[in-house]
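Visitor: After the sequence you'll find the predicted model.
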Amino acid sequence: MFNIILFGPPGSGKGTQSEKLIAKYGFKHISTGDLLRSEIAGKTELGLKAKAFMDEGKLVPDEVVIGMVDNVIVNNPAVYGFLFDGFPRTKAQAEALDALLRKHEENINLMLALDVPEEELIVRMINRAKTSGRTDDADSEVQKRRIGVYKNETLAVASYYDQFGKVTTVNGLGSVDDIFSALSTEIDNHYS
Ligand code: B4P
C-alpha cells in the first residue's frame, strides 16, 4: 500500500484536492471532517457530541476520531492505499495512526503539506460559507479559533512526521489544477 496524509490549515484545500487525487490514483479516502459531518447528519450519539466541538471551531476529542478511523481501516483491507484528509490533527492522533497502521504491517509513506497564507484561508472560508451550510465557516470568531487550534495543536503533526523525513511542502496558492499537478508530481516521485 501507499499511504498519504494531506495536511494543511483549515480551508487550505485538503478536501478539494483529495477528491481529485482519489479519482486519479484510487486511494481510499478517509476525511475525518466528512465522517463527523455524516454522523451529525445522521443525528447519531457520536454526531451530537462532535457537533458542539465543531460549531465552536474546536477539535473533536482524539478518542472519538481515532475510533472512527480504525473502523474504516479495518473494513478496507485491500485498497491501493489510504489518503488521510484532515487527520491526524494532534500529535496523539499521529501516534495512534502509526500504531493502527503497524497492526496491519503498514505505515505512512508521505505527508503532503499545503502551504496557504492566513489571509487567504479566511477568504476561502467566507466564500465556502455561502454554499456549504457549515456553521463553522460562517462566524469570524470561529474561523480565527480554528486557525489558532491549527497553530497550537495541529502544526506539531508536521514536526512529528518531519523527524522521519516524510514531509513535503507544496504551495497551496494558485489554481486548483496547478496545485493538483504539483501534488501529483510529488506522489509520482515518491511512488516509482
Ligand atoms: P475539515 O472537514 O477537515 O475541513 P477544513 O480543514 O475546514 O477544510 P479543507 O482544508 O478540507 O478545505 P476545502 O478543500 O474545503 O474540518 C472541519 C472540522 O471538523 C474541524 O474544525 C474539527 O472541528 C473537526 N475535525 C475534523 N477532523 C478532525 C480530527 N482529526 N480531530 C479532531 N477534530 C476534527 O477548501 C476550502 C475552500 O477553499 C473551499 O470553498 C474550496 O472551494 C476553496 N478552495 C480550494 N482550493 C482553492 C484554490 N486553489 N483557490 C481558491 N479557493 C480554493
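Guide: Good, I have the coordinates. Residues are numbered from 1 along each chain as shown.
Visitor: wait, what's in contact with residue 143?
Guide: Shown in contact with residue 143 (CB atoms under 8 Å, 6 or more residues apart in numbering): 10, 57, 121, 122, 125, 126, 137. Any C-beta I mention is one placed from the backbone N, CA and C, and that applies to glycine too.
Visitor: just checking, the third one touches residue 144?
Guide: When you say that, I think you mean residue 121. No. The criterion here is CB atoms under 8 Å, and residue 121 misses it with residue 144 at 10.2 Å.
Visitor: of those two, who's got more company?
Guide: Neighbour count, other CB atoms under 10 Å: between residue 121 and residue 144, residue 121 has more, with 21 against 13.
Visitor: Near the ligand, list only the ones from the contacts of residue 143.
Guide: 10, 57 (CB under 6 Å from any ligand atom).
Visitor: Residue 176: neighbour count?
Guide: Using other CB under 10 Å, residue 176 has 12 neighbouring residues.
Visitor: my guess is residue 152 is in a strand, correct?
Guide: No. Counting by DSSP: H, G, I helix; E, B strand; the rest coil, residue 152 is located in no strand; its state is helix.
Visitor: tell me which parts of this protein are close to the ligand?
Guide: 8, 10-16, 32-33, 36, 53-54, 57, 59-60, 65, 86-87, 89, 93, 124, 127-128, 136, 146, 176, 179.
Visitor: Could I have the buried ones of those residues as PyMOL selection syntax?
Guide: Per 16 or more other CB atoms under 10 Å, the buried members of the residues of the chain next to the ligand correspond to this PyMOL selection:
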select buried, resi 8+10+11+12+13+14+15+16+32+33+36+54+57+59+60+65+86+87+89+93+124+128+136+146+179
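Visitor: So which of the residues of the chain next to the ligand sit within helices?
Guide: Residues of the residues of the chain next to the ligand located in helices (DSSP state H): 14-16, 32-33, 36, 53-54, 65, 93, 124, 127-128, 136, 146, 176, 179.
Visitor: Following element in sequence after the one helix or strand residue 143 maps to, please.
Guide: Here residue 143, judged by DSSP states H and E, is contained in helix 140-149. For helix 140-149, the following helix or strand on the C-terminal side (DSSP H and E) is helix 155-162.
Visitor: Can you list the buried residues in that next one?
Guide: Across helix 155-162, burial judged by 16+ other CB under 10 Å covers 157, 158, 160, 161.
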